[in-house]
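# sequence first, predicted coordinates after that:
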Amino acid sequence: MREIHTDQIISALEGLFIDANINLSQFVLDAFNRAIDREESPVSKEVLRELITNAEIASKENIPICQDTGLAVTFLEIGQDVHIVGENLEDAVAEGVRRAYKKGYLRKSCCDPFTRKNTGDNTPPIIHIKIVPGDRIRIVVLPKGGGSENYGEVRMLVPSQGKEGVKSFVLEMVKKGGPNPCPPIIVGVGIGGNFETSALLSKEAIMVPFGERNNDPVMAELEEELLEEINKTGIGPQGYGGTVTALDVHVKSMPCHLASLPVAVNIQCHAHRIKETIL
Amino acid sequence: MEIKIITTPLNEEVIKGLKAEDKVFMSGYIYTARDAAHKRFIDTLERGEELPLDIKGQVIYYCGPSPAPPGKVIGACGPTTSSRMDAYAPKLIALGLKGMIGKGKRSQPVKDAISQYNAVYFGATGGAGALLSKSVKSSEVVAYEDLGPEAVVKLYVDKMPLFVINDIYGNDLYEMGTAQYRR
């Protein structure tokens, strides 16, 4: 058993959430540059140039890319040969988040659902844990803003609706969001499993690297078709009209119940903040 | 896409010259207010009391910035979704508010008020909070300090980059742009 102390987890999370919120990854900047080449609208090309300048300023001035520094979504893949020592794991994750949002001057955006009273330190984080082979811990952080998250939905389709049903649901959600989730967006689609699993699959789908396609040729084709149709909606960057509404679309799927076809759509804004480390 | 340089407060002449799709660089004082501050504005008016600021000719920015790091005027300060303010905006426009800055579509009553009372809705680029912070030269809380990031803050902005979304002629950049590029 390899021992990993929760102090290491706390300090990794503190660093990752600050880094994710301030330094946009190069692969996202590369996608903006490709989008400028593809975009036909002069207004939207200008918006895409603003996004690149914005990322440069954020890094240089050490301030967040976007003021909505999100809820602290954290994925932990824990090797089954790891022994975690120290405090309770979930408390450690919360402590890492607390420190990052204070030290990084990140906005605290977590509140009570009804009273709307702010929890004050951006906790509790959203934690997803998976046990995997090996003796390491992989940590992925995905600070997720409210504007894009508000346009997600889980829908239990009737199996006979099939692929066409999934496509029309995804397009309906993209059109409903229009400019609000800050396009160019990344669309994650979770198909199958059950009610809650489809939602998690859709969140994992937005974390798939740009350009990567599903191993299943049917799902890969669905990704390509959806990307093409979303980019034909005309919504464009910021919704000002254009040919690049989505940077990419990813589908994750698994088998489901005989009677069901669960589908979830999760939308990510262009400020795709994701960072990871391995302990 | 024409480029226009304007200063606040906004007068009728400037407003008449602005068209949906124009890129605008705005300088002067503007006021942040979002959900909770708008609710208080309207409650205040319903009680027959005066607003904490004279909104005639002024511009409201729908924004809840991230905290200012030491030595900086403000943190990241991009726009929030404007539609949450739609219920309140027509009343403020009728009282003389001339400009709103945010992101996302407005309701028909807001667009009608924009045409009727000669106001303008500007879009700031959502998710460009760092870029927009560079335009802010001073920041001072002027009302509702207890609301924290939702307090009303008077900002002095220098060449803040915006686009005109809804003009007084009934044009809407979201509708125009989408219609033009839909395939």
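Yes, it's here.

# need the contact list for the nearest residue to A:Lys176 once chain neighbours are set aside.
Excluding its sequence neighbours, the residue lying closest to A:Lys176 (CB to CB, 6 or more residues apart in numbering or on different chains) is A:Tyr151, at 6.5 Å. The way it works is simple: take the backbone N, C-alpha and C, and place the C-beta from them, glycine included. For A:Tyr151, the contacting residues are A:Met173, A:Lys176, A:Gly177, A:Asn180, A:Pro181, A:Val265, A:Ile267, by CB atoms under 8 Å, 6 or more residues apart in numbering or on different chains.

# just the ones of those residues in helices?
When DSSP state H defines the helices, the subset of those inside them is A:Met173, A:Lys176, A:Gly177.

# confirm B:Pro70 sits in a strand?
No. Counting by DSSP: H, G, I helix; E, B strand; the rest coil, B:Pro70 is not found in a strand; it is coil.

# now do it: how many residues are near it, please.
B:Pro70 has 5 neighbours, counted by other CB atoms under 10 Å in any protein chain shown.

# go through chain A and flag its longest strand.
Looking across chain A with DSSP state E, the single longest strand is strand A:246-256.

# by contact count, what packs against that strand?
With contacts taken as 3 or more CB pairs under 8 Å, 6 or more residues apart in numbering or on different chains; DSSP states H and E, strand A:246-256 sits against helix A:26-38, strand A:185-193, helix A:195-206, helix A:217-231.

# mind doing that once more with 6 Å?
If you count contacts as 3 or more CB pairs under 6 Å, 6 or more residues apart in numbering or on different chains; DSSP states H and E, strand A:246-256 packs onto strand A:185-193, helix A:195-206, helix A:217-231.

# chain B versus A:Gly193, what's the distance?
Distance from A:Gly193 to chain B, counting by CB to the nearest CB, to the nearest Å: 30 Å.

# helix or strand for A:Val263, which one?
According to DSSP states H and E, A:Val263 maps onto strand A:261-268.

# partner strands of the helix or strand following that strand, with direction?
Per DSSP H and E, the first helix or strand lying C-terminal to strand A:261-268 is strand A:275-278. The pairing partners recorded for strand A:275-278 under DSSP bridges are strand A:137-144 (antiparallel).

# could you tell me the angle between the partner strand and strand A:261-268?
70 degrees (axes from the mean of the first three to the mean of the last three CA atoms, to 10 degrees).

# any buried residues in strand A:137-144, and which?
Within strand A:137-144, the residues scored as buried using 16 or more other CB atoms under 10 Å in any protein chain shown are A:Ile137, A:Arg138, A:Ile139, A:Val140, A:Val141, A:Leu142, A:Pro143, A:Lys144.

# closest to A:Pro64 out of those residues?
A:Pro143 (9.1 Å; CB to CB).

# who in chain A is up against chain B?
With CB under 6 Å from any CB of the partner chain as the criterion, chain A meets chain B at residues A:42-43, A:47, A:50, A:53-54, A:57-58, A:63-67, A:105, A:107, A:147, A:179-180, A:182, A:232, A:234-236, A:238-243, A:269-271.

# how about the residues of chain B by chain A?
Counting by CB under 6 Å from any CB, chain B sits next to chain A at B:1, B:65-67, B:69, B:75-78, B:81, B:104, B:125-131, B:173-174, B:177-178, B:180-183.

# what does the pLDDT read for B:Gly148?
With respect to pLDDT, B:Gly148 has a value of 79.

# how many other residues sit next to it?
Considering only other CB under 10 Å, B:Gly148 is surrounded by 14 other residues.

# chain neighbours aside, what residue packs nearest to it?
The spatial neighbour of B:Gly148 that comes closest, neighbours along the chain excluded (CB to CB, 6+ apart), is A:Asn118 at 7.2 Å.

# partners of the one you found in the sheet?
A:Cys111.

# tell me the mean pLDDT over the longest helix seen in chain B?
Taking DSSP H as the criterion, chain B has its longest helix at helix B:35-46. When pLDDT is averaged over helix B:35-46, the result is 93.

# for that helix, buried residues please.
Residues of helix B:35-46 classed as buried: B:Asp35, B:Ala36, B:Ala37, B:His38, B:Arg40, B:Phe41 (neighbour count, 16+ other CB under 10 Å).

# do the same with stretch A:107-127
Buried residues in stretch A:107-127 (16+ other CB under 10 Å): A:Arg107, A:Lys108, A:Ser109, A:Cys110, A:Asn118, A:Asp121, A:Asn122, A:Thr123, A:Pro124, A:Pro125, A:Ile126.

# nearest residue to the residue of chain A found nearest chain B other than its sequence neighbours?
Residue nearest to chain B within chain A: A:Gly241 (1.7 Å; CB to the nearest CB). Distance criterion CB to CB, 6+ apart; nearest residue to A:Gly241, sequence neighbours excluded, is B:Gly177 at 1.7 Å.
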